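*Asks:* I would like the atomic coordinates for the input below:
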Amino acid sequence: MCPAVIVKWPLGRLSERHLMSDTTVAGVRQGPGAGGEGIDPASGTGPAAVRADAAAGFAAVVERIDAGELRFPLPGAGSTAARFDALSRVAEQDVCVARLVEGHVDAVAILAELDGPPPAPGSRWGVWAAEPPGEGLTFARSGGSWSVTGLKRYCSGAHSCTHALVTAEAEGERRLFAVAVDGPSVTPVAGTWQAVGMAGSDTPDVRFRATPAVPVGAPGAYVHRPGFEHGGVGVAACWYGGAVGVARALRAAAARRPEPHTDAHLGSVDMLLHAASAVLTEAAGEIDRDPLDKEEGARLRAMRVRAFVEHVCDEVLRHVGRATGAGPLCHDPRHARAAADLAVYVRQHHAERDLAALGAAVARPGEDA
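*Replies:* Model (predicted):
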């Protein structure tokens, strides 16, 4: 396990990190091949081992949050840059752990914004709100009690979360609910998460059977709140941290010997990461200046930041791969895992579909989303 380090580095300097020696975040293992830490290659690096390693890192980070050793300030509370910094640092070490930690701290922020029940110490939360086509969750009410039933897809941390915020629908009304997910009425569906990249995020389908639930906020409140867009920028901070981690291999290659093509790739990566850091820093400041989105700029800001950081991640993966070749991908399990994880994680951005939504928002600002 890596030594405990309290996250304090200002976000504006994050783009420098890939030019320096490794930094660590409390509770986050450095992954396979990292100085003997993480998964022992002799014991296997299959999905179960990767999932267990990410779950252990997730639990360790949450323990340190509860102990006050790690801080993830609420978005819009004046220290949003520190929140994004903390998320990116976790992702720099392990993208899958960052995915789980981001879900936990996002749930904490949502509960605070919508006056939900505060998380109990020792609990680990996820936000399971994907709404793809097909079967979903429905809710029912009997007297003063609520329950949810059905299938929820893309449930990150399905085997390690104790609680989750889930969206469910009934009679055309969609609501958010807080549920305990470590009981017998909640079952991850075997075989529904076959990912190689992001295997450790443990994101299968989950079956609910009349699971007791507590409503959080009014119907529709989950998506119609400023924090929904602020949270989307937080995910981009995780992508950025993942790109910083992937860039390590390129920095190491350039440091070994002078080679103009390698140096050119590193220069491009440095430029991209510096720009992404600046964009995230500016977004954090804007969120703190207008946390309630009175100026109605949150949606456009989130779309721009996510699109730009996704582009940066794609370019970093391309530059690092072209500069270093197959060697690190075949012989450095930490790098191979980081690259595979990042390539999958950034697909939460829906490419041209999201760019089209951005273009429409710019061209026709009064048009409904």
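
*Asks:* Wait, a helix at Asp314?
*Replies:* Yes: read with DSSP: H, G, I helix; E, B strand; the rest coil, Asp314 is one of the residues of a helix.

*Asks:* what ranges do the helices span in the stretch 1-150 of the chain?
*Replies:* 47-66, 80-93, 95-113 (DSSP state H, counting those that start in this stretch).

*Asks:* can you redo the ones you listed as TSV with mean pLDDT?
*Replies:* Listed next are the helices of the stretch 1-150 of the chain as TSV, based on pLDDT from 0 to 100:
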stretch	mean pLDDT
helix 47-66	94
helix 80-93	98
helix 95-113	98
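
*Asks:* Ranking those helices by mean neighbour count, which comes first?
*Replies:* helix 80-93 (a mean of 28; mean count of other C-beta atoms under 10 Å). Where you see a C-beta, it was placed from the backbone N, CA and C, and this is true even at glycine.

*Asks:* In contact with the nearest residue to Thr203 once chain neighbours are set aside, which residues?
*Replies:* Leaving aside its sequence neighbours, Thr203 sits nearest to Ser156 (C-beta to C-beta, 6 or more residues apart in numbering; 4.4 Å). Ser156 sits next to 99-100, 103, 126, 128, 201-203 when contact means C-beta atoms under 8 Å, 6 or more residues apart in numbering.

*Asks:* And Val346, by the same measure?
*Replies:* 239, 242, 310, 313-314.

*Asks:* circling back: can you tell me which of the contacts of Ser156 lies nearest to Val186?
*Replies:* Proximity of those to Val186 (C-beta to C-beta) peaks at Trp128, which lies at 10.4 Å.

*Asks:* Neighbours of the closest one, how many?
*Replies:* 25 (other C-beta atoms under 10 Å).

*Asks:* Over to Gly183?
*Replies:* Applying other C-beta under 10 Å, we find 11 residues neighbouring Gly183.

*Asks:* re earlier: I'd like to know which of the contacts of Val346 are buried.
*Replies:* Burial by neighbour count, 16 or more other C-beta atoms under 10 Å: within the contacts of Val346 this picks out 239, 242, 310, 313-314.

*Asks:* Output those in TSV; the columns should cover pLDDT and distance to Gly285.
*Replies:* Output for these, formatted as TSV (pLDDT from 0 to 100; distance: C-beta to C-beta, whole Å):
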residue	pLDDT	distance to Gly285
Trp239	98	19
Gly242	98	23
Glu310	98	21
Cys313	98	22
Asp314	98	26
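
*Asks:* Could you dump those residues into a markdown table with distance to Ala52 added?
*Replies:* A markdown table is the format used below for these (distance: C-beta to C-beta, whole Å):
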| residue | distance to Ala52 |
| --- | --- |
| Trp239 | 24 |
| Gly242 | 20 |
| Glu310 | 29 |
| Cys313 | 26 |
| Asp314 | 30 |
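
*Asks:* thinking again about what came up before, for the contacts of Val346, which one is nearest Glu63?
*Replies:* Checking the contacts of Val346 one by one against Glu63 (C-beta to C-beta), the nearest turns out to be Gly242, at 22.9 Å.

*Asks:* For that closest one, give its distance to Gly197.
*Replies:* Here the criterion is C-beta to C-beta, to the nearest Å. By it, Gly242 lies 11 Å from Gly197.

*Asks:* and what of Phe177?
*Replies:* 30 Å.

*Asks:* Look at the two and report which has more neighbours.
*Replies:* The neighbour comparison of Phe177 against Gly197 (other C-beta under 10 Å) goes to Phe177, with 24 against 19.

*Asks:* Which residues belonging to the one helix or strand that one maps to are considered buried?
*Replies:* Assigned by DSSP states H and E, Phe177 belongs to strand 173-180. Under the neighbour-count criterion of 16+ other C-beta under 10 Å, strand 173-180 has 174-180 buried.

*Asks:* now stretch 258-267
*Replies:* For stretch 258-267, using 16+ other C-beta under 10 Å, the buried residues are 262, 265-266.

*Asks:* Could you point out which of those residues is nearest to Pro119?
*Replies:* Leu266 (41.6 Å).

*Asks:* before we move on, back to that, show me which of the buried residues of strand 173-180 is closest to Ala283.
*Replies:* After measuring the buried residues of strand 173-180 against Ala283 - C-beta to C-beta - the closest member comes out as Leu176, at 24.4 Å.

*Asks:* what's near enough to touch the closest residue to the closest one other than its chain neighbours?
*Replies:* Ranked by C-beta to C-beta, 6+ apart and with sequence neighbours excluded, the top spatial neighbour of Leu176 is Tyr222, at 4.1 Å. Residues counted as contacts of Tyr222 (C-beta under 8 Å, 6+ apart) are 110, 114, 129, 165, 167, 174-176, 216, 228.
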